[in-house]
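*Asks:* here's my sequence, what's the structure:
(one chain, ligands or ions: 2)
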Amino acid sequence: MKYVQLGKTALTVSECGFGCIPIIRLSKEETGEVLRHAFERGITYFDTANAYRDSEEKIGMAFNGIRDKVVIATKSLKRNAEGITEQMENSLRMLRTDYIDLYQFHQIAQEKDWQEVTGASGALEAVMKAKSAGKVRHIGVTSHNLQMALKMVRSGLFDTIQFPFNLIEEGAKDELIGAAHEAGMGFICMKPFGGGVINNAAVAFKYLRDNAGVIPIPGFESSEQVDEIISFYAQPNEITDRDREIMGDYRNELGKRFCRRCEYCQPCPQGVMITPAMGYPIVAARMSPSVAVEFCKIPMESVLLCTDCGTCLARCPYELKIPDILKANYALYEKHLKGK
Ligand code: SF4
Ligand code: SF4
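*Replies:* Ligands and ions are numbered 1, 2, ... in the order given. Have a look, this model is predicted:
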């Protein structure tokens with residue numbers, strides 16, 4: 001495992017980090033073991049969010065006593081100063097720390113989010129204040145929307161950008177990664193397995209390692225999974241013809257079924273929360289069905305408002321059959337509800 005500077009920040013991180021959604025499914029003891037194992041094997045960057053249930057609390061417990069040896073990033077979906085301040089204070093308590101290395105605005109996709117965050121009494125103002133007070137060392141953003149991500153990178157306001165990047169979501173490759181590097185920002189790669197749909201870890205990581213300056217944050221739920229990913233970094237990265245073939249198969253198979261969460265299809269005139277409802281199967285696989293039915297209740301119930309008007313179909317650049325997929329996802333949600 002090599003260590004790299006995260007953009008122009010003062011943070012040095014392992015070339016592969018740890019995305020802390022899957023630890024939601026583990027007990028506190030199991031989580032402690034996996035996190036400490038990852039740290040012992042050389043991973044030093046741990047990325048969580050206020051929204052990831054008890055993830056922050058588990059990280060705080062696991063790294064109590066070695067706080068200065070790890071880089072902790074968290075994030076908030078709150079857009080105003082009051083809401084984000086409350087969540088930031090909660091994160092500090094849960095993480096058992098008096099500073100957060102990287103505090104990120106979570107999933108800024110729509111213009112209205114951006115206006116709210118950067119406007120008067122917006123979240124940015126509060127996080128800047130927290131930075132001056134030493135509670136936050138660096139400020140970053142996360143997004144699934146390429147145009148918004150580019151706009152935020154060019155704003156000069158942030159130290160890092162976190163964006164999906166993997167062999168089936170390559171949108172960042174053309175402009176975003178280069179723009180982030182030019183701006184001196186760290187590029188944190190969320191969803192290295194496409195949110196769980198790429199099940200060939202070796203090929204997924206060959207693709208990622210072929211792209212310089214990208215820090216992937218796979219989620220781990222066992223020490224064996226940590227060891228597997230770390231073993232890839234112990235060897236030179238060689239992409240064979242067979243690997244390229246496998247990558248091509250994934251692209252062909254998933255291209256017309258896979259929601260990139262870019263939000264270009266929104267808003268729905270009926271109020272269907274399309275993007276989170278499209279992602280329901282992934283959330284259920286990552287968080288467990290019993291957690292997902294609670295976590296996704298509001299967007300999944302909004303699916304019932306769909307009138308099949310087709311407005312979203314015309315807006316999706318990936319030509320996904322949105323209403324059909326939403327119905328299938330709702331059926332899965334109902335099945336999970338019954339199994340609860
Ligand atoms: S359905 Fe299409 S437009 Fe909507 S978020 Fe998914 S990929 Fe983007
Ligand atoms: S087809 Fe359904 S989800 Fe899509 S815009 Fe129309 S009502 Fe909304």
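*Asks:* for stretch 140-156, list every residue counted as buried.
*Replies:* For stretch 140-156, the neighbour count (16 or more other Cβ atoms under 10 Å) marks Gly140, Val141, Thr142, Ser143, His144, Asn145, Leu146, Met148, Ala149, Leu150, Met152, Val153 as buried. Using the backbone N, CA and C atoms, a C-beta is placed for each residue, glycine as well.
*Asks:* and the helix or strand bottoming out on mean pLDDT in the chain, what does it pack onto?
*Replies:* Ranked by mean pLDDT, DSSP states H and E, the weakest helix or strand in the chain is helix 280-287, scoring a mean of 87. With contacts taken as 3 or more Cβ pairs under 8 Å, 6 or more residues apart in numbering; DSSP states H and E, helix 280-287 sits against helix 289-295, helix 322-339.
*Asks:* got the CA positions of stretch 186-193 in PDB?
*Replies:* The C-alpha coordinates for stretch 186-193 follow below in PDB (Å, rounded to 0.1, in the frame of the first residue of the first chain):
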ATOM      1  CA  GLY A 186      -8.200  15.100  -4.200                       C
ATOM      2  CA  PHE A 187     -10.500  12.800  -6.200                       C
ATOM      3  CA  ILE A 188     -12.200  10.200  -4.000                       C
ATOM      4  CA  CYS A 189     -13.800   7.400  -6.000                       C
ATOM      5  CA  MET A 190     -17.100   6.200  -4.500                       C
ATOM      6  CA  LYS A 191     -18.800   3.000  -5.600                       C
ATOM      7  CA  PRO A 192     -15.700   1.200  -7.100                       C
ATOM      8  CA  PHE A 193     -18.000  -1.800  -7.700                       C
END
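*Asks:* report whether that stretch contacts ligand 1.
*Replies:* No. Using Cβ under 6 Å from any ligand atom, stretch 186-193 never reaches ligand 1; the gap is at least 13.1 Å.
*Asks:* please list the residues outside that stretch that contact it.
*Replies:* 6-7, 9, 11, 13, 17, 19, 47, 73, 140, 142, 159-166, 169, 172, 176-177, 180-181, 198-199, 201, 204-205, 208, 213-218 (Cβ atoms under 8 Å, 6 or more residues apart in numbering).
*Asks:* ligand 2 contacts on this structure?
*Replies:* Counting by Cβ under 6 Å from any ligand atom, the chain sits next to ligand 2 at 268-270, 272, 274, 306-312, 322-323.
*Asks:* filter these to the buried ones?
*Replies:* Buried among the residues of the chain next to ligand 2 (16+ other Cβ under 10 Å): Cys268, Val272, Ile274, Cys306, Cys312, Ile322, Pro323.
*Asks:* from these, which is closest to Arg25?
*Replies:* Ile274 (26.1 Å; Cβ to Cβ).
*Asks:* who touches that closest one in this structure?
*Replies:* By Cβ under 8 Å, 6+ apart, the neighbours of Ile274 are Glu263, Cys265, Gln266, Cys268, Cys312, Ile322, Leu326.
*Asks:* what about 7 Å?
*Replies:* Counting by Cβ atoms under 7 Å, 6 or more residues apart in numbering, Ile274 touches Cys265, Gln266, Cys268, Cys312, Ile322.
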